[in-house]
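Enquirer: prediction below, plus the sequence it came from.
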Amino acid sequence: MRIRFLVCLLGLRYRLLWAQARSRAGRVALVIVGVMLVCLLTAVLALGGLGAAVAAVRLGKGELIAGVMLSTFFMFALFGALILGAGINPAFSDTALRRYPLSSFERFGARHVVGLLEPLWIFVLALDLGLALGFAALGVSSWWVALTAALLLFSTNYLVARVLWGVVEHIMATRNGPLLLMVLVTLLFQLPGLLAPALARNRALLGNARLGLWLLPPFTAARVLAGAPAFVTIASLLLLIGWFAGLAAALALLERQPLPSRTVTGAEAHWDSSYDGVAAAFGPVLAPLGGKILRYYVRSPQLRLNYPTTAPLMVFVAITFARGRPDPLAGFLTILALISVVGFLSMGIMTMNVFGFDGAGFRRYFLLPAPPGLVLRAVALVPLLLGAPLILLSIGLWLAFWRGHFDTRMAVMLLSSGFGGMFLFQGLGLWTSLLAPRVMEFKVKFCAKQPFASAALMMGAMLVMFGLVAGLPALGSKVVLGHWWVAPLILLATLGFYLLTLRAGARVFGARRERMLSMIERGY
C-alpha cells in the first residue's frame, strides 16, 4: 500500500474526529467515553500489565489469569464498538476512496488500517501490549512472540467487531430485522443461565465447552504469553493467524453484499385505515394528526424492536428471579419493579424526541388549524394509547405463569406501578422533546447516537428500575404489602405531574416553536 495516501487519509480522519469532538454532542460523548476509559485504565494500572504478570506467575496460573484479562479487554472493545458505536463507523467508503489511485485490495486495507488507528482501538492495543510486555519482562515468553500474539489478538478483535457490525446492519435492513435482533440479544443474555445447569450435570459437555473456550482468540493468545512449550506456542500463533485470515475474508465477503432494500414505489394511499379509525377518538380537528402520529409509532423500527418483546422479557425475568428465593412473593416484587417502565421503554426513543423524527417537517405543525395546546395533547396521548394495553398484557401474562398468592392489594399495586411509571416517564419525555429536540432519522440504525437529554432520561428510567428490583426484595413482601396504599398515592402524583406537563407544555410549545424548528434544522 502506498504510504503517502494512507498518511493523507489518516490526517483527514483525525481532522473529522476533532471537528466532531468540538460539537455539543461530541463533547458529551468525550466526557462519557473519557470516564469509562479512566476507570478501566485505573483498574489496569492496579491489576494489569507487569503487576498482573507477576501475580499470575507467582500463583502458577499465568495462562488462566492472562486469558481472563485478555477476554476482559476483548469484550470491552466489543462493547465500545457495538453498543457505543465508537471506532466502528467507517471513516471512508469504498466509493470515496476510488478518487485515489488505489487498487481494490489497497482500498480495503486503507479503510481498515484507518479504522484500526481510531482512539478506541489504540487504547485496546495499549492494554494488550501492556500485558504482553509484562509477561515478556519476566522472561515467561520471548519479546517477539509476545508482541506478535498481542498484535494478532488486537487485529482479530477489530475484525470480530467489524463482522458483527456488518451482520447487524444486514439484519436491521430486513423488514423484521429489529424484532429478530431483539430476540437474538435476549437469547444471548439468557444463554449462560440456560447452559449452566446442563453443564453442571454433564461433565463431558463441560469438557467440550472448556475446549471450545480455550480455542477462542483471547485464551489462544494467553497460552503464548504464559510461556507454553514451543510446539503449543507455534500452534497457538497459527490458530491466531487462522482467526485473522478467516475474519478478514468474511469481512471482505460481507462488504460485497448489498444491504436489502425495502423501497416501495407507487404505493396507494389509504385514508380510512385502522389508524384513522382509532384516531377518530381525537375529534374531527385532530383526527388526521392523531392518525399520522399513530402510523409513525407503529411503523417505527424503535417500536417494532421493543414493543413485542418487552412484556415477555419482563415476565421471564420476574419468574426467573423468583426461583430459589426465600420470600415466596419475590416474583411479585420483581414484576412490581419491572412493570414501572413497560409503558415507557417499550417505545424506545420515540417518546423522548417526539418532534425530532419529523425533521424539517416540524414546520407543518405551524399550519394546522388548531392551537398548540391541542397539537401537544394529540402528540402526548398516542403513546398512552400504546403503553396502556401493554401494561395490562404484562400483568395478564405474569398471572398466567404465577402460582403463588395473589389478592386485591397486589392488583392495585401492579396497576399503580405500571400506569404511574408511564405517566412519570412519558411526561418527562415530553419535556425533553420540547426543550431539547434533535433531528434523527426515522429509520433509526443500530447503535445510532441518541440526543443527550433522551439518553439521560432512558438511563434514569433504567436506574429507577434496577433500584426498585434491588430495593423492594430488600424491604420484604410483608413491608411492601403492608404499605400498599403508597402505590395509589404515587399514581395520583404522577397523573397530576402528567396533566400539569400537558398544560405547561402547551404554553412552552407555543412560545418555543421557532426555536425548536431552528434546533431541529441545525441538527444540534
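Expert: Cool, got the structure.
Enquirer: which residues in this structure form strands?
Expert: Assigned by DSSP state E, the chain shows no strands.
Enquirer: any weak-confidence spans in it?
Expert: The model of the chain has pLDDT under 70 over residues 1-62, 83-102, 175-179, 181-183, 185-211, 259-273, 275, 324, 442-450, 523-524.
Enquirer: quickly list the domain ranges of it.
Expert: By the assignment in automatic domain parsing, the chain contains the domains 3-180+218-256, 275-522.
Enquirer: just put the ones you listed in CSV and tack on mean neighbour count and distance to G212.
Expert: Backbone N, C-alpha and C define where each C-beta goes, glycine included. Supplementary listing: these in CSV, determined by neighbours: other Cβ atoms under 10 Å; distance: least, Cβ to Cβ, whole Å:
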stretch, mean neighbour count, distance to G212
domain 3-180+218-256, 17, 10
domain 275-522, 18, 25
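Enquirer: ok, longest helix in this protein?
Expert: Ranked by residue count and defined by DSSP state H, the top helix of the chain is helix 486-522.
Enquirer: from the chain's centre, how far out does that helix sit?
Expert: Distance, stretch centre to chain centre, for helix 486-522: 27 Å (Cα atoms, centre = their mean, to the nearest Å).
Enquirer: which neighbouring elements make contact with that helix?
Expert: Under the contact definition 3 or more Cβ pairs under 8 Å, 6 or more residues apart in numbering; DSSP states H and E, helix 486-522 sits against helix 372-401, helix 408-435.
Enquirer: ok, which of these comes nearest T156?
Expert: Closest to T156 of the helices and strands packed on helix 486-522, according to Cβ to Cβ: helix 408-435, at 40.1 Å.
Enquirer: which elements pack onto that closest one?
Expert: helix 330-338, helix 342-345, helix 372-401, helix 452-475, helix 477-482, helix 486-522.
Enquirer: okay, these in JSON lines with distance to L164 next?
Expert: JSON lines is the format used below for these (distance: least, Cβ to Cβ, whole Å):
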{"stretch": "helix 330-338", "distance to L164": "28"}
{"stretch": "helix 342-345", "distance to L164": "24"}
{"stretch": "helix 372-401", "distance to L164": "30"}
{"stretch": "helix 452-475", "distance to L164": "22"}
{"stretch": "helix 477-482", "distance to L164": "42"}
{"stretch": "helix 486-522", "distance to L164": "33"}
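Enquirer: quick one: which of those is nearest R409?
Expert: Of these, the one closest to R409 (Cβ to Cβ) turns out to be helix 477-482, at 5.8 Å.
Enquirer: what's next to the closest one, contact-wise?
Expert: The set of residues external to helix 477-482 that reach it, using Cβ atoms under 8 Å, 6 or more residues apart in numbering, is 327-330, 332-333, 336, 409-410, 413, 472.
Enquirer: can I get those in TSV including distance to L239?
Expert: What follows is those, written out as TSV (distance: Cβ to Cβ, whole Å):
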residue	distance to L239
D327	49
P328	51
L329	51
A330	45
F332	50
L333	48
L336	50
R409	60
M410	55
M413	55
L472	48
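Enquirer: quick check: F344 vs E118, distance?
Expert: Noted for F344: a distance of 34 Å to E118, by Cβ to Cβ, to the nearest Å.
Enquirer: now do V68
Expert: Using Cβ to Cβ, V68 is found at 25 Å from E118.
Enquirer: tell me the contacts of the residue nearest to A360 when sequence neighbours are not counted?
Expert: Spatial nearest neighbour of A360, excluding adjacent residues (Cβ to Cβ, 6 or more residues apart in numbering): E521 at 5.9 Å. Neighbouring residues of E521 by Cβ under 8 Å, 6+ apart: 359-360, 439.
Enquirer: ok, these vs L215, which is closest?
Expert: Nearest to L215 among those is V439, at 45.9 Å by Cβ to Cβ.
Enquirer: wait, doesn't the closest one sit right on F355?
Expert: No. Counting by Cβ atoms under 8 Å, V439 sits too far from F355 to count as a contact (9.2 Å).
Enquirer: anything in contact with each of these two?
Expert: Common neighbours of V439 and F355 (Cβ under 8 Å, 6+ apart) are I520.
Enquirer: what's L329 sitting at in phi/psi?
Expert: Here is the backbone geometry of L329 (degrees, to the nearest 10): phi -100, psi 20.
Enquirer: that one contacts D407, doesn't it?
Expert: No. At 10.7 Å, L329 does not count as touching D407 under the criterion of Cβ under 8 Å.
Enquirer: for L393, what are its contacts?
Expert: Going by Cβ under 8 Å, 6+ apart, L393 touches A311.
Enquirer: again with the one 3 residues further on
Expert: Contacts of G396 were listed using Cβ under 8 Å, 6+ apart, and none were found.
Enquirer: any idea how far it is from T494?
Expert: 22 Å.
Enquirer: may I have stretch 307-315 as PDB, with CA atoms only?
Expert: Extracted C-alpha coordinates of stretch 307-315, given in PDB (Å, rounded to 0.1, in the frame of the first residue of the first chain):
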ATOM      1  CA  TYR A 307     -42.900  -3.400  21.800                       C
ATOM      2  CA  PRO A 308     -43.400  -7.100  21.000                       C
ATOM      3  CA  THR A 309     -40.600  -8.300  23.300                       C
ATOM      4  CA  THR A 310     -40.900  -6.000  26.400                       C
ATOM      5  CA  ALA A 311     -43.800  -7.900  28.100                       C
ATOM      6  CA  PRO A 312     -42.500 -11.400  27.600                       C
ATOM      7  CA  LEU A 313     -39.000 -10.400  28.600                       C
ATOM      8  CA  MET A 314     -40.200  -8.700  31.800                       C
ATOM      9  CA  VAL A 315     -42.300 -11.600  32.800                       C
END
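Enquirer: who touches stretch 459-468?
Expert: 336-338, 340-341, 344-345, 421, 425.
Enquirer: apply 7 Å and report the result again.
Expert: Stretch 459-468 is contacted by residues 337-338, 340-341, 344-345, 425 when judged by Cβ atoms under 7 Å, 6 or more residues apart in numbering.
Enquirer: check stretch 145-153 too.
Expert: Against stretch 145-153 from outside (Cβ under 7 Å, 6+ apart): 70, 128-129, 132-133, 135-136, 217-218, 221, 224-225, 233, 237, 240-241, 244.
Enquirer: if we go to 10 Å?
Expert: Stretch 145-153 has contacts (Cβ atoms under 10 Å, 6 or more residues apart in numbering) with 66, 70, 73-74, 124-125, 127-137, 140-142, 217-218, 220-225, 227-228, 230, 233-234, 236-237, 239-241, 243-244.
Enquirer: that older thread, of the contacts of stretch 459-468, closest to R507?
Expert: F425 (21.8 Å).
Enquirer: the residue nearest to that closest one when sequence neighbours are not counted and G467, how far apart?
Expert: Distances taken as Cβ to Cβ, 6+ apart put F344 closest to F425, at 3.8 Å, once the chain neighbours are dropped. Remark: distance between F344 and G467 (Cβ to Cβ) = 15 Å.
Enquirer: cool, R295 as well?
Expert: 36 Å.
Enquirer: now F355: phi and psi?
Expert: According to degrees, to the nearest 10, F355 has phi -90, psi -10.
Enquirer: so who does the spatially closest residue to it that is not a sequence neighbour touch?
Expert: Leaving aside its sequence neighbours, F355 sits nearest to P437 (Cβ to Cβ, 6+ apart; 4.8 Å). Neighbour list for P437: 352-358, 362, 451, 453-454, 512, 515-517, 519-520 [criterion: Cβ under 10 Å, 6+ apart].
Enquirer: how far off centre is stretch 480-497?
Expert: Using Cα atoms, centre = their mean, the mean C-alpha position of stretch 480-497 is found 31 Å from that of the whole chain.
Enquirer: ugh, wrong one, stretch 115-123
Expert: Here the centre of stretch 115-123 is set off from its chain's centre by 21 Å, with Cα atoms, centre = their mean.
Enquirer: from what I can see I520 touches F355, true?
Expert: Yes. Counting by Cβ atoms under 10 Å, F355 is a contact partner of I520 at 6.6 Å.
Enquirer: overlap in contacts of these two?
Expert: Joint contacts of I520 and F355 (Cβ under 10 Å, 6+ apart) are 361-362, 437-439.
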